[in-house]
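1. here you go, sequence then predicted model.
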Amino acid sequence: MKDTKFSEMTTEELIKNQKTLKTVNTIFCVVLFMLFILNIFIVFMKGFSAMNVIPVALLPILFLNLKNLKEMKRELESRE
């Protein structure tokens, strides 16, 4: 995403970005969940490796996306 503030965007842009971010976030959650499950399986089969840290390292991206969604929702509600 660009470094534009949500207050500077039009309502249509906000709605479009919100829908896109929801879709991307949903897909990211599914992939992250699959990574967690796969890592648990790999730990039991082969033991711990450095690659098992990847799902944990990707969690901040999920939290930042959720924060942006909340801010978008808050901005849209303030415009109504």
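-> Yep, that arrived.
2. which SSE is V56 in?
-> Assigned by DSSP states H and E, V56 falls within helix 54-79.
3. distance of E13 from M72?
-> The gap separating E13 from M72 is 10 Å, by CB to CB, to the nearest Å. C-beta coordinates here come from the backbone N, C-alpha and C atoms, glycine included.
4. and the two? which has more neighbours close in?
-> More crowded of E13 and M72, by other CB atoms under 10 Å: M72, with 19 against 12.
5. distance of that one from N39?
-> Separation of M72 from N39 (CB to CB): 31 Å.
6. same check, this time on V31
-> V31 sits at a distance of 12 Å from N39 (criterion: CB to CB).
7. ok, back up a step: other SSEs contacting the helix holding V56?
-> Secondary-structure packing of helix 54-79 (3 or more CB pairs under 8 Å, 6 or more residues apart in numbering; DSSP states H and E): helix 11-46.
8. point out where this structure drops to low pLDDT.
-> Applying pLDDT under 70 to the chain flags residues 1-4.
9. the helix holding V56 vs helix 11-46, what angle?
-> Taking axes from the mean of the first three to the mean of the last three CA atoms, to 10 degrees, helix 54-79 and helix 11-46 form an angle of 160 degrees between their directions.
10. give the buried residues for helix 54-79.
-> 55, 65, 68, 72, 75 (16 or more other CB atoms under 10 Å).
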